[in-house]
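Peer 1: Prediction below, plus the sequence it came from.
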Amino acid sequence: MHPNICHQAIVTKVEPSKLTLTIESVSACSACTAKSMCHLTEKKDKQIIVNTVDATKFQEGESVVLEMEEKKGMKAVLLAYVLPLVSGLLALLITILFTSNEGIMGLCTIAGIAIYYCILWVWSPRLNGRFEFSVHK
């Protein structure tokens, strides 16, 4: 069995077949003893919607564990971070072949990344079913 990625979450909304969960995302420096002096601590609440047939077993305000297979988490990292980097570098390398103007190179690199994210956005309905979470108490 593959290891799973787990996060503590709080149920914020319960619907018949879906839960809305809130995860507190904390930056790595939040555990630092000097965090009150540097003001770089970053805390954000993230909302995640989970489709589940067991939604009615949960109550608003309840603390739960949100789980995803590590393999699927790595696939999400690949799609969100690695492939855009590759598309930007590829656009840069292709642009270098045609011009030495750094402004054009920069714009083409940004355009390559933007095109990648547009393609990802178009494909997002197909991807939604592939990244499934499980919720348990």
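Peer 2: Nice, thanks for sending it over.
Peer 1: now for the strand or helix carrying M68, which elements pack on it?
Peer 2: Under the criterion of DSSP states H and E, M68 resides in strand 63-69. In terms of contacts (3 or more CB pairs under 8 Å, 6 or more residues apart in numbering; DSSP states H and E), strand 63-69 is packed against strand 4-15, strand 18-26, strand 134-136. Where you see a C-beta, it was placed from the backbone N, CA and C, and this is true even at glycine.
Peer 1: what is the orientation angle of the second one with strand 4-15?
Peer 2: In other words, strand 18-26. Angle of strand 18-26 versus strand 4-15, following axes from the mean of the first three to the mean of the last three CA atoms, to 10 degrees, is 130 degrees.
Peer 1: Alpha carbons of strand 18-26, in CSV - could you do that?
Peer 2: Extracted in CSV, the C-alpha atoms of strand 18-26 (Å, rounded to 0.1, in the frame of the first residue of the first chain):
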residue,chain,number,x,y,z
LYS,A,18,-20.1,16.9,-0.5
LEU,A,19,-18.0,18.5,2.3
THR,A,20,-16.3,21.8,2.4
LEU,A,21,-13.2,21.6,4.5
THR,A,22,-10.7,24.3,5.7
ILE,A,23,-7.1,23.5,6.1
GLU,A,24,-4.7,26.0,7.8
SER,A,25,-1.6,26.2,5.7
VAL,A,26,1.4,27.4,7.7
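Peer 1: who touches stretch 53-73?
Peer 2: 2-19, 21, 23, 48, 50, 130-137 (CB atoms under 8 Å, 6 or more residues apart in numbering).
Peer 1: so where's this structure shaky on pLDDT?
Peer 2: Applying pLDDT under 70 to the chain flags residues 1-2, 25-43.
Peer 1: How far away from the center of its chain is the helix or strand encompassing W121?
Peer 2: Element membership for W121 (DSSP H and E) is helix 102-128. Mean C-alpha position of helix 102-128 versus that of the full chain (CA atoms, centre = their mean, to the nearest Å) differs by 16 Å.
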